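> With the input below, show me the fold.
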Amino acid sequence: MTDGTIISIIGEPALLEQTAEEAIELAHACLKLARKLRAENPTPIKTCDLHEAIMSEWADVDVCITELTRLLWWDDSFVSAVEDFKTNRWEARLNEDSRKRTP
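I've put the predicted structure just below:
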């Protein structure tokens, strides 16, 4: 008997595979929009459709992440701490780079 959640029905290995697949599809959608915005090797797809594709793929990833949070090993506080660290590091690198370029 399952509790009706996706993870309880398909299991952890299948959820991990699905998450990876959805993350790849999100990456592809982002790359396609970047091509469109740069107009290098452009795609004929409309920008608004590319925006929708990214949001749709993000929703798929978000559903998978929501299911991953049900696993016993998932630790929201760890994820938050790593997000904060990586955001601060990225901002510091960008600020350092902009100072290097400013005479």
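
> When you work out contacts or count neighbours from here on, use the C-alpha atoms and nothing else.
Will do.

> Break the protein down into its domains, please.
As given by automatic domain parsing, the domain ranges for the chain are 1-72, 75-103.

> most packed of those?
domain 1-72 (a mean of 15; mean count of other CA atoms under 10 Å).

> And the contacts of stretch 72-91?
Stretch 72-91 has contacts (CA atoms under 8 Å, 6 or more residues apart in numbering) with 68-69.

> averaged over its residues, what pLDDT does that stretch have?
The average pLDDT within stretch 72-91 is 98.

> How far off centre is that stretch?
Distance of stretch 72-91 from the chain centroid (CA atoms, centre = their mean, to the nearest Å) equals 14 Å.

> Show me where the protein has its helices.
According to DSSP state H, the chain carries its helices in the segments 6-10, 12-38, 47-68, 76-101.

> For the closest residue in space to R70 that isn't next to it in sequence, give me its contacts.
Leaving aside its chain neighbours, R70 sits nearest to I7 (7.7 Å; criterion: CA to CA, 6 or more residues apart in numbering). Residues near I7 by CA under 8 Å, 6+ apart: 15, 67-68, 70.
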